[in-house]
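Asker: How does the following fold in three dimensions:
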Amino acid sequence: MFQALSRIGRRRALQGSAGAFVAFGLLLWWLLPLGKSSPGGTVSFSTGSASGVYQLYGTLLQEALAKDMPRLKVELEGSVGSQQNVQRVATGQADFTIAAADAVAKYKREGGRGAELLRGCARLYDDYVHVIVPQSSPVETIAELKGKRVAVGPRGSGVRLIAEHVLEAAGLDLDKDIQPVSVGIGDMPKLLETKKIDAFFWSGGLPTKAVSDLSNRSDIRLLQITPDLVEELHKQGQEAEYYRSAVMPADAYPRAQSGESVQTVAVANLLVTRAGTDTELTEGMTRTVIHSRDRIGEKVHAAQRVDLRTAIYTDPLDLDEGASRYYRSVKP
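Answerer: All right, here's what the predicted structure looks like:
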């Protein structure tokens, strides 16, 4: 009888262990996507200039992706900015990038190679246009830049595109009415400090480190891009329609702004990929972008503006299929 009871006890113990194991397995199945391994392989991500927000954002996103998709290797490739970024993804030289909506619209309008293949994964944060002069400069308006040496970004950059439009709105031709200097944000501050240029344009998230550093060691100020100029911008149509009137808050660059906000224009940045990119990959990339907002935002303040409610609006691009699948999965 004792042996029979022992057998019954052992059987019940085994049944209990099996039940616990099944319950644990179900819990793991619910918590972890065991049915799917994360996408693997290598992808290329075109970023931006070394001192710009795109490059820092890309570096931090690369770190987040290493945790979320450990089988995926993300290679970052610097660029001169949005226009080059768009061209790289459209032609297959890169798999993902960040680009401003105006640069995307221009590439599509001009019928750039592969333009029809471009897709959006997320609307990210806005770039704000900075027009910076020394504090002692007599220049007070964009129109007064006529004849001045102005850094407008290298050809292929997003800042150059927006500088062309803003100058045109003020009645100036970039090639004829100013002395354009084709350098990026890595060189602009030093050239201004050494008086080799009189002003520079920059378009980036707030705050941009290179501008913050400059404002902390030199006396500078920002020119206003007034609402009447924005009206003139919109009359240009096409990609200029993606510029909106905006206010740079007083604490963006406290020393340069003397406690005052600055009227300017802003343009949305998009996470861009290409039709045919693996949908599991684009779904995972979109998920990481949204979930890593706070972590990235600790170092890239502009990233704090990434919002699930607006990320789906990727105009002028159609939403990527994998990204759409992610948004549907989190829809309330």
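Asker: use CA for all of it now, contacts and neighbours both
Answerer: Fine.
Asker: Please enumerate the helices of the stretch 151-300 of the chain.
Answerer: Secondary structure of the stretch 151-300 of the chain (DSSP state H, counting those that start in this stretch): helices at 158-169, 188-193, 209-217, 227-235, 254-257, 279-291, 293-297.
Asker: and of these, who's closest to residue 66?
Answerer: Relative to residue 66, the nearest member of these by CA to CA is helix 279-291, separated by 10.1 Å.
Asker: Against which helices or strands is the closest one packed?
Answerer: Using 3 or more CA pairs under 8 Å, 6 or more residues apart in numbering; DSSP states H and E, the elements in contact with helix 279-291 are helix 53-68, strand 118-134, helix 321-329.
Asker: Need the contact partners of that helix.
Answerer: By CA atoms under 8 Å, 6 or more residues apart in numbering, the residues outside helix 279-291 that reach it are 39, 61, 64-65, 68-69, 121-122, 273, 306-308, 320-326.
Asker: Could you do stretch 225-237 as well?
Answerer: For stretch 225-237, the external contacting residues (CA under 8 Å, 6+ apart) are 141-142, 165-166, 168-170, 240-241, 243-245, 263-265.
Asker: May I see the helices of the stretch 151-300 of the chain arranged in a markdown table, with mean pLDDT and mean neighbour count as well?
Answerer: Conversion of these to a markdown table gives the following (pLDDT from 0 to 100; neighbours: other CA atoms under 10 Å):
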| stretch | mean pLDDT | mean neighbour count |
| --- | --- | --- |
| helix 158-169 | 97 | 23 |
| helix 188-193 | 98 | 20 |
| helix 209-217 | 95 | 16 |
| helix 227-235 | 96 | 17 |
| helix 254-257 | 96 | 19 |
| helix 279-291 | 97 | 20 |
| helix 293-297 | 93 | 18 |
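Asker: can those helices go into JSON lines with extra columns for distance to residue 330?
Answerer: Below are these laid out as JSON lines (distance: least, CA to CA, whole Å):
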{"stretch": "helix 158-169", "distance to residue 330": "32"}
{"stretch": "helix 188-193", "distance to residue 330": "43"}
{"stretch": "helix 209-217", "distance to residue 330": "34"}
{"stretch": "helix 227-235", "distance to residue 330": "35"}
{"stretch": "helix 254-257", "distance to residue 330": "38"}
{"stretch": "helix 279-291", "distance to residue 330": "10"}
{"stretch": "helix 293-297", "distance to residue 330": "16"}
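Asker: Could you work out which of those helices reaches nearest to residue 82?
Answerer: The closest of those to residue 82 is helix 158-169. By CA to CA, the value is 4.6 Å.
Asker: how about the CA coordinates for that closest one, as PDB?
Answerer: C-alpha atoms of helix 158-169 as PDB (Å, rounded to 0.1, in the frame of the first residue of the first chain):
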ATOM      1  CA  GLY A 158      18.900  69.900 -46.800                       C
ATOM      2  CA  VAL A 159      20.100  73.200 -45.400                       C
ATOM      3  CA  ARG A 160      21.100  74.400 -48.900                       C
ATOM      4  CA  LEU A 161      17.600  73.600 -50.300                       C
ATOM      5  CA  ILE A 162      15.900  75.500 -47.500                       C
ATOM      6  CA  ALA A 163      18.400  78.400 -47.700                       C
ATOM      7  CA  GLU A 164      17.600  78.800 -51.500                       C
ATOM      8  CA  HIS A 165      13.900  79.000 -50.700                       C
ATOM      9  CA  VAL A 166      14.200  81.400 -47.800                       C
ATOM     10  CA  LEU A 167      16.500  83.700 -49.700                       C
ATOM     11  CA  GLU A 168      14.100  83.700 -52.700                       C
ATOM     12  CA  ALA A 169      11.200  84.600 -50.400                       C
END
